[in-house]
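Novice: Next come a sequence and a model predicted from it.
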Amino acid sequence: MLDWTIAAFTHRGRVRPDNEDAIAIGTRILAGDMDAPLVMTAPNDSCLLMIADGMGGHAHGAIASRAALDYLVAAADRLAIPRCCGDVIEAANQNLFALMQEDEATLGMGTTVVGAVLSPTRLLTFNVGDSRCYLFSAGELVQLSKDDVPKAKDKQPGPRTSHAITQALGGSWLRVATRPHITVDAPLESGETLLLCSDGLTDMVGDHVIANILRAIHDPLRSTRELAAKAFSAGAVDNISVVLARRSDIPGAIPGPLRNV
């Protein structure tokens, strides 16, 4: 039977005092610093994966990322429908502005979001901001998400030097609507890997290094460990969040809860 093996990791990194990222796998939300990746096997039906990166420099980024994921998880059934997905994300955006009105101390809080809904019939992916979604297939790494960042006059090699983004959930004092990026692709095939990550990974680890790791290591748990290790060895100047999902032929696999490994 075909199942998804999912590994997840989030940590504040080496420099930031707090972790403003949050991860959702199904209905479970992970936040704070993890000592090691978590791994689970999910059954071959709809499975929601998300990462929210609370905006650094804005008030209460951790509150924003958690609130956004709480809202989206509660609306998972509609989020999984392509024609409804954008409306649900915009509703989560407006919910953040409503929360700001309840507590003026949180004015300006914001978060990116990137997510995927795995199902036997399709792969639905969505994002707002610069957290990314990649598909690793046939030895190649393809970015499915679109970065909401200012257009550079001259594309320079290497990591971004600015963390400016052009849209987010919340992130301003005035209500601003979002324009989520939503794609629908063929379902994840056996042996393919889906990667969600915050910019704490991609600013530290280049796409070619990520691709090389996924070529060399097929196990999601080991791949997640190696990606996190590369980010830490490069300085880990921002919060790091990684979710890896791989569809594999696992005879008689029994779905299990998240567990530390």
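Specialist: That came through, no problem. Residues are numbered from 1 along each chain as shown.
Novice: Can I get stretch 231-239 in PDB, CA atoms only?
Specialist: Extracted in PDB, the C-alpha atoms of stretch 231-239 (Å, rounded to 0.1, in the frame of the first residue of the first chain):
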ATOM      1  CA  ALA A 231      21.700  25.300   7.900                       C
ATOM      2  CA  PHE A 232      23.300  25.200  11.300                       C
ATOM      3  CA  SER A 233      26.800  24.800   9.900                       C
ATOM      4  CA  ALA A 234      26.100  27.800   7.700                       C
ATOM      5  CA  GLY A 235      25.200  30.000  10.700                       C
ATOM      6  CA  ALA A 236      21.500  29.500  11.100                       C
ATOM      7  CA  VAL A 237      20.800  33.200  11.400                       C
ATOM      8  CA  ASP A 238      17.100  32.800  11.200                       C
ATOM      9  CA  ASN A 239      14.400  30.300  12.400                       C
END
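Novice: Where does the prediction get shaky in the stretch 101-250 of the chain?
Specialist: Applying pLDDT under 70 to the stretch 101-250 of the chain flags the ranges 153-162, 248-250.
Novice: Please, where are all the helices along it?
Specialist: Secondary structure of the stretch 101-250 of the chain, counting by DSSP state H, counting those that start in this stretch: helices at 199-202, 207-216, 220-233.
Novice: Just say which of those helices is most tucked in.
Specialist: helix 199-202 (a mean of 26; mean count of other CB atoms under 10 Å). C-beta: built from backbone N, CA, C; applies to glycine.
Novice: could I get that one in PDB with only the CA atoms?
Specialist: Presented in PDB, the C-alpha positions along helix 199-202 are these (Å, rounded to 0.1, in the frame of the first residue of the first chain):
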ATOM      1  CA  ASP A 199      13.600  31.000   4.400                       C
ATOM      2  CA  GLY A 200      15.800  30.000   7.400                       C
ATOM      3  CA  LEU A 201      16.700  27.000   5.300                       C
ATOM      4  CA  THR A 202      16.900  28.500   1.800                       C
END
